[in-house]
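# What follows is a predicted protein model with its sequence.
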Amino acid sequence: MKVSVAIMAAGLGTRMKSNLPKVMHCISGFEMLYHIIKEAKKVSDDIHIILYHQADLIKDKMNKYFNDVHFIIQDHANFPGTGGAIMGVNPKYEKLLVLNGDMPLLQAKDMQNFTHFNAEVVMSAFTCKEPFGYGRVMMDSDNNVTKIVEEKDATPQEKKVTSVNAGVYLFNTPFLQENLPKLTNENAQKEYYITDLIGLSHNVKALIVDEETFMGVNSKYHLSIAENLMQERIKKEFMEKGVLMRLPQSIYIEADVEIEGECILENGVSLLKGTKLLNSHVKSNCVIEKSTISNSSIGPMARIRPDSVIENSHIGNFVEVKKSTLNGVKAGHLSYLGDASIDEGTNIGCGTITCNYDGKGKYKTIIGKNVFIGSDTQLIAPVNIEDNVIIASGTTVTKNIKKGSLAINRAPLKIVENFFYKFFGDKK
């Protein structure tokens, strides 16, 4: 069944206590609204995003991810509320699925469950032990719904009902077209409620859903709960595909990370946006961002910054790599390799750094095959080290080095006998 989708993202989100719109707060590396749009695109090619508060900011951000969704600015001055939000939607199909932009855990399979009912309206509901704040769902034993009552408009008796509205609906489009004009704002909030449409239909079914999946994020505490749930989902999927994780609760993986083959992630690892791993071992407390790692070991306590490609290499503790390509390289410890290309068989000694920035521009270091770089070496870019070169410890390299050479620029060691006693006095 083809459906159109409307995603409500117009709210102020005051409970987030932030200048950032609620739907722009991130979970697992991406905005909440991104997650819901991504899943909605799996079930529909007709998606409408309803905006109001900081609409341009949200639209600009989402356009970086999606170029085929429709944005609607809600007429909040004349038609506030959830009912007013969908008045501007013109669905392409005979069914309209209404979602909320603050439900980042909702998946395509959850959306598709609404289409299994033959009803004028299908709404989501769950049983809540503490229903305060939710709209109450009045329904019979067959899940036929008679009405929804908002918390602020509920009677004391209605507030005792524990079946609550989860906020997702599937409407027949002709029903909407006929009944949206009938909504009024005669309520405590002076808003047009989408829930009032339920009372205008004689064929409403409740889909009983999972509270965790359909949770709305209304505060930064809720944000933390949703983050934990999504992280569990992401890591479970990778582990079931064969990824070994040590203390998975301490590992953080963002939503677009790709892991293939037999990989090991030790405790404290963070894999950020754009990262790809293939048959690699990432040791404890490493951070990898927007980089591709294959057939390599990383860490412990290494940082791989964006746009790095590391293959068949060993990167040790306290090594930082940035925008560099390493193939068959060993960098055991305490080094910075930025804007570099390093070829197979090369060994990077402890304390080696590429000096790639002069205060104005970034410059590249090229290192060939089978190069041995001694400890405490500085490579002043731009510089090209050809194959089979030895660079002595403590050398500052300021010019290109030809194949087969030794580079050394240490000053002669000077020893002044008995200088200690002259300087500090006799302390024997």
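Happy to help now that I have it. Numbers count the residues shown, from 1 in each chain.

# wait, what's in contact with I390?
By Cβ atoms under 8 Å, 6 or more residues apart in numbering, I390 lies in contact with 371-372, 374, 405-407. The way it works is simple: take the backbone N, C-alpha and C, and place the C-beta from them, glycine included.

# Worst mean pLDDT across the helices and strands of this protein, which element?
strand 145-149 (a mean of 88; mean pLDDT, DSSP states H and E).

# in that strand, what counts as buried?
By neighbour count on 16 or more other Cβ atoms under 10 Å, the buried set for strand 145-149 is 145, 147-149.

# how about the residues you listed in JSON lines, adding distance to L176?
Output for the buried residues of strand 145-149, formatted as JSON lines (distance: Cβ to Cβ, whole Å):
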{"residue": "V145", "distance to L176": "16"}
{"residue": "K147", "distance to L176": "18"}
{"residue": "I148", "distance to L176": "16"}
{"residue": "V149", "distance to L176": "21"}
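
# Secondary structure of L33: a helix, I assume?
Yes. Per DSSP: H, G, I helix; E, B strand; the rest coil, L33 lies within a helix segment.

# How confident was the prediction at it?
Looking at L33, its pLDDT stands at 98.

# That one: neighbour count?
Neighbourhood size, L33 [other Cβ atoms under 10 Å]: 27.

# Run through the residues that contact the residue nearest to it when sequence neighbours are not counted.
Spatial nearest neighbour of L33, excluding adjacent residues (Cβ to Cβ, 6 or more residues apart in numbering): V23 at 4.0 Å. Contacts for V23 (Cβ under 8 Å, 6+ apart) come out as 9, 11, 13, 31-33, 58, 101-102.

# likewise N347?
329-331, 371-373.

# which residues touch the nearest residue to T146 once chain neighbours are set aside?
Leaving aside its chain neighbours, T146 sits nearest to M138 (4.8 Å; criterion: Cβ to Cβ, 6+ apart). Neighbouring residues of M138 by Cβ under 8 Å, 6+ apart: 145-149, 158, 161, 163.

# Return the per-residue confidence for M138.
For M138, the predicted pLDDT is 91.

# where are the low-confidence patches of this protein?
Residues of the chain meeting the criterion pLDDT under 70: 427-428.

# Show the contacting residues for the nearest residue to E120 once chain neighbours are set aside.
Distances taken as Cβ to Cβ, 6+ apart put N203 closest to E120, at 4.0 Å, once the chain neighbours are dropped. Residues counted as contacts of N203 (Cβ under 8 Å, 6+ apart) are 119-121.

# And the helices in the protein?
For the chain, the helices defined by DSSP state H occupy 32-40, 55-63, 81-85, 108-112, 173-179, 220-240, 419-424.

# right, and the ones you listed - which one's nearest N285?
Distance to N285, taken as Cβ to Cβ, is lowest for helix 220-240 among the helices of the chain, at 16.9 Å.

# Okay, buried residues for the closest one please.
222-223, 226-227, 229-231, 234-235, 238.

# Turn the helices of the chain into CSV, columns for distance to D210.
CSV is the format used below for those (distance: least, Cβ to Cβ, whole Å):
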stretch, distance to D210
helix 32-40, 15
helix 55-63, 26
helix 81-85, 22
helix 108-112, 8
helix 173-179, 26
helix 220-240, 11
helix 419-424, 74
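
# Mind checking those helices for the one nearest to T213?
Among the helices of the chain, the nearest to T213 by Cβ to Cβ is helix 108-112 (5.9 Å).

# Against G351, how distant is I367?
From I367 across to G351, the span is 16 Å (Cβ to Cβ, to the nearest Å).

# And V161, how close does it get to G133?
Separation of V161 from G133 (Cβ to Cβ): 13 Å.

# quick one, which of the two is more surrounded?
V161 (18 against 11).

# if I read this right, the more buried one contacts P131, doesn't it?
Yes. Counting by Cβ atoms under 8 Å, V161 touches P131, with 7.2 Å between them.

# I391 reaches A407, doesn't it?
Yes. At 4.7 Å, I391 and A407 qualify as touching, with contact defined as Cβ under 8 Å.

# what's the overlap in contacts for the two?
In contact with both I391 and A407: 397, 401, using Cβ under 8 Å, 6+ apart.

# what about those two, which has more around it?
More neighbours surround I391 than the other of I391 and A407, with 24 against 20 (other Cβ under 10 Å).

# in the sheet, who's paired with the more buried one?
Under DSSP bridges, the beta-bridge partners of I391 are I373, A407.

# how close does it get to E211?
Distance, I391 to E211, by Cβ to Cβ: 62 Å.

# Check F318 too.
With Cβ to Cβ as the criterion, F318 and E211 are 44 Å apart.

# Of the two, which one has the most company?
Between F318 and E211, F318 has the larger neighbour count (other Cβ under 10 Å), namely 15 against 12.

# so the more buried one makes contact with A302?
Yes. Using Cβ under 8 Å, F318 is in contact with A302, at 7.0 Å.

# distance of Y192 from I288?
Taking Cβ to Cβ, one finds Y192 at 48 Å from I288.

# More neighbours: these two, which one.
Relative neighbour count places I288 above the other of Y192 and I288, with 29 against 23, counting by other Cβ under 10 Å.

# What residues are bridge-paired with that one?
When assigned by DSSP bridges, I288 has beta-bridge partners L271, I304.
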